[in-house]
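Visitor: coords please:
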Amino acid sequence: MTNAGGIGNRLLATLPPEDFDLLAPGLETVALDQDAIVSRAGEQIDHVLFPESGAISLMLDMANGQTVATAVVGREEAIGILSVLGPLPSPNTAIVRAAGAALRIPAARFRIAFDRSPAIRHAVQIYIRAMMVQFQHGVACNALHPVEARMARWLLHLRDHVDHDVLPLTQEALSQILGVRRTTVTLLMRNLRASGAIRSDRRGQIEIDRSRLTAVACECHRNTRREIEEIFSLDMPSISRLGSGG
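Guide: So this is what the prediction gives:
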């Protein structure tokens, strides 16, 4: 791997060749298997993961065993990137919700490249800003919007990272993501089917109608996508001017 051409992760793909080459020797392709746990809360961050396809939810684990999703990570983001701050335990559990593939690099090697490259540092700043948008809208949404709208928002967030309208999600996974009882998810699925937002609900597979689901969702999905796209479109071009060879 000698340049970023053809790389499916947006953060890596925009790096100047000389900066990508700081990472390339340590990158390896790994599979993101459905429902796999790629990092656990409290465990040491040993690798940085750059998804090229698929979707990963970041889960906050409560002391009573309950969980709730705080963000979705896909080909625009990374897992473990805050290890640039030094050896750290993971603040959350990352679970694959839609299978795919990723590029992985040891955290120690990524820190070395981060220290040497202004372009990589800027890419990390873009990542942090994009994730903060998800976190902020998520907090507001959980506090202000009904659970049906929140469920529609999460389904759309996950759909943003896959190339088809069939999401491999069980009702148990949705209850974990939303932080609600499974019986609540069952009722919500029934309502979404009645509205046509979900065309079918096979076991472990949810087929969505994107336009109708958007009508059910609150404005948080639309606003989150718009703000993240603004961050990438405005800031990504400046990375090329920060190349370590410039």
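
Visitor: what stretches of the chain score poorly on pLDDT?
Guide: Residues of the chain that meet the criterion pLDDT under 70 lie in 1-5, 201-202, 236-246.

Visitor: what's the closest non-adjacent residue to the residue nearest the centre of the chain?
Guide: Computing the C-alpha centroid of the chain and ranking residues by CA atoms, centre = their mean puts Val73 first, at 0.7 Å. Leaving aside its chain neighbours, Val73 sits nearest to Ile56 (4.5 Å; criterion: CB to CB, 6 or more residues apart in numbering). (C-beta placed from N, C-alpha, C; glycine too.)

Visitor: which other helices and strands contact the host helix or strand of Glu18?
Guide: In this structure, Glu18 is located in helix 17-23 according to DSSP states H and E. Taking 3 or more CB pairs under 8 Å, 6 or more residues apart in numbering; DSSP states H and E as the contact definition, the neighbouring helices and strands of helix 17-23 are helix 107-116, helix 118-144.

Visitor: switch the cut-off to 10 Å
Guide: Packing partners of helix 17-23 (3 or more CB pairs under 10 Å, 6 or more residues apart in numbering; DSSP states H and E): helix 10-13, helix 107-116, helix 118-144.

Visitor: Now do the buried residues in the helix or strand following that helix.
Guide: Counting by DSSP H and E, the element after helix 17-23 in chain order, helix or strand, is strand 28-32. In terms of neighbour count (16 or more other CB atoms under 10 Å), strand 28-32 has its buried residues at Leu32.

Visitor: and strand 28-32, what other elements does it pack with?
Guide: Secondary-structure packing of strand 28-32 (3+ CB pairs under 10 Å, 6+ apart): strand 47-51, strand 93-98, strand 100-106.
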